[in-house]
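Student: One predicted model, sequence on top.
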Amino acid sequence: MTAADETASLTDLTGPLAGSALQTSVLASLDALERALDLEPLGDNRFRAGNERDRFGRIFGGQLLAQAVSAASRTVDEHLPHSLHAYFVQTGASDTPVDIAVDVVRDGRSMATRQICIAQGDRTLLTALVSFHSNAAEPELDHTPDQTPAPEEMPLLQHWVHRAPPHLRPRVQNWIDVPPALEMRIAEPTNFLGGGQTPQPRSHWMRLPRPIADEPALHTAMLAYASDYLLLDMALRNHPHPTDYASIAAVSLDHSLWLHRPVRFDEWHLYTQQAVALSGHRALIRGSIRDAVGRAVASTSQEVLIRPIPGG
């Protein structure tokens with residue numbers, strides 16, 4: 001890429017997503033994610049599904065979370081998901097379909113519980129519980145709009161790819177070539193894009209790049225997908241020792257998501273993340289997701305494993 005090409009690309013990525021070259025790739029990612037959530041019924045609450053576009057050389061955990069929510073929702077008639085608790089057991093291959101098994105744990109008048117296992121062959125990738133509840137709309141806590149700058153005032157995540165140190169650019173180019181199925185705006189570079197380490201919360205805006213079907217369970221599944229982004233990066237950002245992705249091996253161990261109100265995820269949501277504990281090789285990250293007017297939509301937590309690479 002010439003200097004002129006890079007300048008043009010940078011201008012493209014720091015402006016609106018609509019009409020940009022990046023938009024085409026983000027929309028392709030959303031199309032692939034929607035196909036991955038279009039589950040093939042196999043009978044007896046069993047399903048088969050494909051995968052989104054390969055970004056990490058393995059299945060992204062957020063995809064598995066979304067598929068767990070989607071599959072469980074297909075077995076519940078009246079209630080909406082209100083919580084998910086999942087363990088990432090093993091990594092999966094993006095070029096191989098996944099098999100999803102849903103077992104009924106409970107069916108009550110206002111609540112239901114499902115246990116989900118996602119596998120490839122004899123390899124369990126994820127095991128989860130999803131709980132459902134028919135909730136009243138009121139009461140709820142008063143909300144105060146967040147003071148974070150508006151999303152249009154923040155750079156796109158992909159902006160920081162062009163500002164990344166030269167030695168990182170080959171590794172992070174896939175965030176442009178195969179971006180998440182989201183428009184993500186963040187005021188600083190992430191750790192994997194060369195950002196610094198600091199023990200502070202961090203917020204980013206996120207939404208789907210176009211409207212999707214008006215199906216509450218689908219919007220919840222899309223939120224579950226998005227809720228897995230950047231949590232592990234927060235553990236590195238808050239680490240007390242100099243740490244980067246070349247010197248450590250990092251994986252997500254589990255993920256919890258609580259839904260406080262119905263979500264419309266093709267609208268803007270602010271995701272604030274904070275490290276709450278780090279001991280030895282494990283760290284716990286907590287997140288809160290609010291809509292554009294400041295209402296609490298969801299809360300998350302995730303434990304991650306961070307191990308130094310010998311000789312790294």
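Tutor: Perfect, I can see it now.
Student: Not counting its own residues, what contacts stretch 278-292?
Tutor: Applying CB atoms under 8 Å, 6 or more residues apart in numbering, the contact partners of stretch 278-292 are 143, 146, 223, 227, 231-232, 234-235, 238-240, 253, 263-264, 267-277, 296-307. C-betas here are computed from N, CA, C, even on glycine.
Student: what's around the nearest residue to residue 270 once chain neighbours are set aside, how many residues?
Tutor: Using CB to CB, 6 or more residues apart in numbering and skipping residues adjacent in sequence, the residue nearest residue 270 is residue 290, 5.1 Å away. Residues near residue 290, counting by other CB atoms under 10 Å, number 22.
Student: So what does residue 290 look like in phi/psi?
Tutor: Per-residue torsions, residue 290: phi -120, psi 150 (degrees, to the nearest 10).
Student: Also residue 69?
Tutor: Dihedral angles of residue 69 (phi, psi; degrees, to the nearest 10) stand at phi -60, psi -40.
Student: And for it, nearest residue in space, chain neighbours not counted?
Tutor: Once flanking residues are discounted, residue 69 sits nearest to residue 221: 4.3 Å by CB to CB, 6+ apart.
Student: does that neighbour sit in a helix, a strand or a coil?
Tutor: Following DSSP: H, G, I helix; E, B strand; the rest coil, residue 221 is assigned to helix.
Student: That one against residue 66, yeah?
Tutor: Yes - the criterion here is CB atoms under 8 Å, and residue 221 meets it with residue 66 at 4.2 Å.
Student: Quickly list what's touching both of these two.
Tutor: Taking CB under 8 Å, 6+ apart as the criterion, residue 221 and residue 66 both touch residue 37.
Student: Report the distance from the top helix by length along the chain to the chain centre.
Tutor: Ordering each helix of the chain by length in residues (DSSP state H) puts helix 21-36 first. Put simply, helix 21-36 sits 15 Å off its chain's centre (CA atoms, centre = their mean, to the nearest Å).
Student: now do stretch 303-312
Tutor: Worked out by CA atoms, centre = their mean, stretch 303-312 lies 22 Å from the chain centre.
Student: Could you do stretch 220-238 as well?
Tutor: 5 Å.
Student: Can you give me the distance of the residue nearest to residue 270 to residue 225?
Tutor: Residue 290 sits 18 Å away from residue 225, taking CB to CB, to the nearest Å as the criterion.
Student: what packs against the strand ranked longest in the chain?
Tutor: Longest strand of the chain, by residue count under DSSP state E: strand 296-308. For strand 296-308, the packing partners by 3 or more CB pairs under 8 Å, 6 or more residues apart in numbering; DSSP states H and E come out as helix 231-237, strand 248-252, strand 254-259, strand 282-291.
Student: what's the third one packed up against?
Tutor: In terms of contacts (3+ CB pairs under 8 Å, 6+ apart), strand 254-259 is packed against helix 61-73, strand 80-88, helix 216-226, strand 296-308.
Student: rewinding a little: whichever of the contacts of stretch 278-292 end up buried, select them in ChimeraX.
Tutor: In ChimeraX, a selection of the buried entries from the contacts of stretch 278-292 looks like this (16 or more other CB atoms under 10 Å):
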select :223,227,231,232,234,235,238,239,263,264,268,269,270,271,273,274,275,297,298,299,300,301,302,303,304,305,306
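Student: so residue 106 sits right up against residue 115, yeah?
Tutor: No - applying CB under 8 Å, one finds residue 106 not in contact with residue 115, separated by 9.9 Å.
Student: Next, count neighbours for the residue nearest to residue 58 when sequence neighbours are not counted.
Tutor: Leaving aside its sequence neighbours, residue 58 sits nearest to residue 91 (CB to CB, 6+ apart; 4.5 Å). Neighbour count for residue 91, taken as other CB under 10 Å: 15.
Student: next one: residue 187
Tutor: Neighbours around residue 187, by other CB under 10 Å: 14.
Student: Equivalent analysis for the one 10 residues further on, please.
Tutor: A total of 15 residues lie near residue 197 under the criterion other CB under 10 Å.
Student: tell me which element it is part of?
Tutor: Counting by DSSP states H and E, no helix or strand carries residue 197.
Student: what does residue 176 give?
Tutor: Using DSSP H and E, residue 176 sits in helix 174-177.
Student: Could you export the very next helix or strand once past that helix as PDB, CA atoms only?
Tutor: Helices and strands here follow DSSP H and E; after helix 174-177, the next one along the chain is strand 183-186. C-alpha atoms of strand 183-186 as PDB (Å, rounded to 0.1, in the frame of the first residue of the first chain):
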ATOM      1  CA  GLU A 183     -20.000  -1.000  13.800                       C
ATOM      2  CA  MET A 184     -17.700  -0.400  16.700                       C
ATOM      3  CA  ARG A 185     -16.400   3.000  17.700                       C
ATOM      4  CA  ILE A 186     -13.800   3.500  20.400                       C
END
